[in-house]
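Chemist: return atomic coordinates for the entry below.
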Amino acid sequence: MEAYTYQPQRVCSKQIDFSLDEQGRLHGVKFFGGCPGNLLAIGKLVEGKDAAEIANVLRGNDCGGRGTSCADQLSIAIDAALAKRTA
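Modeler: As a prediction, the model looks like this:
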């Protein structure tokens with residue numbers, strides 16, 4: 001299992017931590033800062049799910065007209081982690 005840390009941009013959350021297992025499934029998604037209830041729920045909903053599928057579902061989600069959201073930032077973090085694994 002590989003651990004990743006991402007610094008989100010233009011959102012309330014300041015850091016996203018997560019791990020990917022050998023099959024590309026998400027584990028331990030944790031947001032630091034932001035809306036605690038919503039972000040805890042996202043972590044629970046995505047636990048053990050295929051990372052690429054979750055990134056596709058969350059990509060483009062907007063919060064308050066910012067053009068992004070914590071969920072969208074998670075999709076960006078997942079994309080970067082998956083790209084790093086194949087590089």
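
Chemist: who touches the most centrally placed residue in the chain in this structure?
Modeler: The geometric centre of the chain, computed from its C-alpha atoms, lies nearest to Leu74 (Cα atoms, centre = their mean), at 2.3 Å. Leu74 sits next to 6, 16, 18, 29, 31, 42, 46, 54-55, 58 when contact means Cβ atoms under 8 Å, 6 or more residues apart in numbering. (C-beta placed from N, C-alpha, C; glycine too.)

Chemist: filter those residues down to just the ones in strands.
Modeler: 6, 16, 18, 29, 31 (DSSP state E).

Chemist: out of the residues you listed, which one sits closest to Asn38?
Modeler: Distances from Asn38 to those, taken as Cβ to Cβ, are shortest for Phe31 (8.9 Å).

Chemist: tell me the contacts of that closest one?
Modeler: 13, 15-16, 39, 42-43, 70, 74.

Chemist: which two among those are spaced furthest apart?
Modeler: Across the contacts of Phe31 (Cβ to Cβ), the longest gap, 14.3 Å, separates Gln15 and Ile42.

Chemist: neighbour count winner among these two?
Modeler: More neighbours surround Ile42 than the other of Gln15 and Ile42, with 20 against 14 (other Cβ atoms under 10 Å).

Chemist: hmm, that one is touching Leu26, no?
Modeler: No - counting by Cβ atoms under 8 Å, Ile42 sits too far from Leu26 to count as a contact (10.3 Å).

Chemist: thinking again about what came up before, TSV for the contacts of Leu74, including pLDDT and distance to Ala87?
Modeler: Shown next, in TSV, are the contacts of Leu74 (pLDDT from 0 to 100; distance: Cβ to Cβ, whole Å):
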residue	pLDDT	distance to Ala87
Tyr6	98	16
Ile16	98	20
Phe18	98	18
Val29	98	22
Phe31	97	26
Ile42	96	27
Val46	98	23
Ile54	98	21
Ala55	98	17
Leu58	97	22
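
Chemist: out of those, who's nearest Leu82?
Modeler: Ala55 (7.6 Å).
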